[in-house]
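> Provide a 3D model corresponding to the input given below.
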Amino acid sequence: MHKFVLLMTIILYPLSNYGQERIIWTSFQQLDSLLSIAPKETIIFIHTDWCSYCRKMEKEVFSKKEIYDRLNKDYYLVELDAETVEDITFDQQVWKSKTPKKIPDNIIP
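Sure, this is the predicted structure:
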């Protein structure tokens, strides 16, 4: 049953984005499964909410059709907030944040 659900997710996931021209992001949990079935190179886009260079990359680079078509075709893409407090599970390992909580945007350390 687990393999059937995984197979259906892999088949139907791209259809959920049909007609939406953009980068198709995947999670680390999905990446683990996808790599075991159909290996491809992986790009991890590490960003923060406050990073102006990250926002510029999203608006000016990831929004270009020739770029997101090529990226979606040739790579698995994972978006990672550098300030996340959520655990990341990949390849049977768990990475935990060393920061107890995300710092609010209006507070400068």
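> Bridging across strands, which residues link to the spatially closest residue to Asp32 that is not a sequence neighbour?
Excluding the flanking residues, the one nearest Asp32 by C-beta to C-beta, 6 or more residues apart in numbering is Phe90, at 5.5 Å. Heads up, the C-betas are built off the backbone N, CA and C, glycines and all. Assessed by DSSP bridges, Phe90 has beta-bridge partners Gln93.
> burial of Phe90, as a residue count?
Other residues near Phe90 come to 14 when the count uses other C-beta atoms under 10 Å.
> ok, it - contacts?
By C-beta atoms under 8 Å, 6 or more residues apart in numbering, the contact list for Phe90 reads Phe28, Gln29, Leu31, Asp32.
> which one among those gets closest to Ser97?
Of all those, Ser97 sits closest to Phe28, with 13.6 Å by C-beta to C-beta.
> The closest one is in contact with Leu77, isn't it?
No - Phe28 is not in contact with Leu77 according to C-beta atoms under 8 Å; the separation is 11.7 Å.
> Would you confirm that Lys96 contacts Thr89?
No - taking contacts as C-beta under 8 Å, Lys96 lies outside contact range of Thr89: 10.1 Å.
> The closest residue to Asn72 other than its chain neighbours and Ser52, how far apart?
With sequence-adjacent residues excluded and distances taken as C-beta to C-beta, 6+ apart, Asn72 is closest to Ile24, at 5.0 Å. Ile24 sits at a distance of 25 Å from Ser52 (criterion: C-beta to C-beta, to the nearest Å).
> higher neighbour count, Lys96 and Thr89?
Thr89 (13 against 9).
> so that one makes contact with Gln30?
No - judged on C-beta under 8 Å, Thr89 makes no contact with Gln30 at a distance of 11.0 Å.
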